[in-house]
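**Student:** Predicted structure and sequence below. I'll ask about it afterward.
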Amino acid sequence: QVQLVESGGGLVQAGGSLKLSCVASGYLLGTDAMGWHLQRPGKKRELVASITLDGTTAYQDSVKGRFTISRDNAKNTVYLQMDRLKPEDAGVYFCSATPACSGYECRPGGLYDYWGQGTQVTVSS
């Protein structure tokens, strides 16, 4: 059974940093594209960063230059380093794993994804 467990969230002042981790179990992390998603209160979940099997990364414009996604396949872990945090970065961060698939929904945040339970990030101004 696939399981994703996020950690590393917390309270930080604006301008500070946090590093989120997502540990996967139940399958080989190296076979999947991974993503980090942010859900603000009352808003839809949105993809902020993703990394493919070969290490290609992509970021939402609002976090480019401040967030870095990385993965360690040996540890079955994906990370999100968040620097120069802003109050608008606050919310629940979810990790996703996209299994081998095809079609439009085969993407981070698509219908095939496995999800973690989320970790709360609070940024004080």
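**Tutor:** Yep, that arrived.

**Student:** make it CA atoms for all contacts and neighbour counts henceforth
**Tutor:** Noted.

**Student:** packing partners for the helix or strand bottoming out on mean pLDDT in the chain?
**Tutor:** Lowest on mean pLDDT, DSSP states H and E among the helices and strands of the chain sits strand 114-115, with a mean of 92. Applying 3 or more CA pairs under 8 Å, 6 or more residues apart in numbering; DSSP states H and E, one finds that strand 114-115 contacts strand 3-7, strand 91-98.

**Student:** Output those in JSON lines; the columns should cover mean pLDDT.
**Tutor:** What follows is those, written out as JSON lines (pLDDT from 0 to 100):
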{"stretch": "strand 3-7", "mean pLDDT": "95"}
{"stretch": "strand 91-98", "mean pLDDT": "95"}
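
**Student:** Name the stretch among those strands that sits most buried.
**Tutor:** Comparing the helices and strands packed on strand 114-115 by mean neighbour count (mean count of other CA atoms under 10 Å), strand 91-98 ranks first with a mean of 26.

**Student:** tell me, what residue is most central in this structure?
**Tutor:** W36 (1.6 Å; CA atoms, centre = their mean).

**Student:** wait, isn't it in contact with V92?
**Tutor:** No - using CA atoms under 8 Å as the test, W36 is too far from V92 to be in contact (10.2 Å).

**Student:** neighbours of R107, just the number please.
**Tutor:** Neighbours of R107 under the rule other CA atoms under 10 Å: 23.

**Student:** So what does it have for phi and psi?
**Tutor:** The phi/psi pair for R107 (degrees, to the nearest 10) reads phi -170, psi 160.

**Student:** follow-up on the earlier one: any chance of the helices and strands packed on strand 114-115 in TSV with distance to L47 as columns?
**Tutor:** Formatted as TSV, these follow (distance: least, CA to CA, whole Å):
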stretch	distance to L47
strand 3-7	15
strand 91-98	9
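
**Student:** Out of the ones you listed, the one nearest L20 is which?
**Tutor:** Closest approach to L20 among the helices and strands packed on strand 114-115 (CA to CA): strand 3-7, 5.7 Å.

**Student:** what's the very next helix or strand once past the closest one packed up against?
**Tutor:** Downstream of strand 3-7, the first helix or strand assigned by DSSP states H and E is strand 10-13. With contacts taken as 3+ CA pairs under 8 Å, 6+ apart, strand 10-13 sits against strand 119-124.
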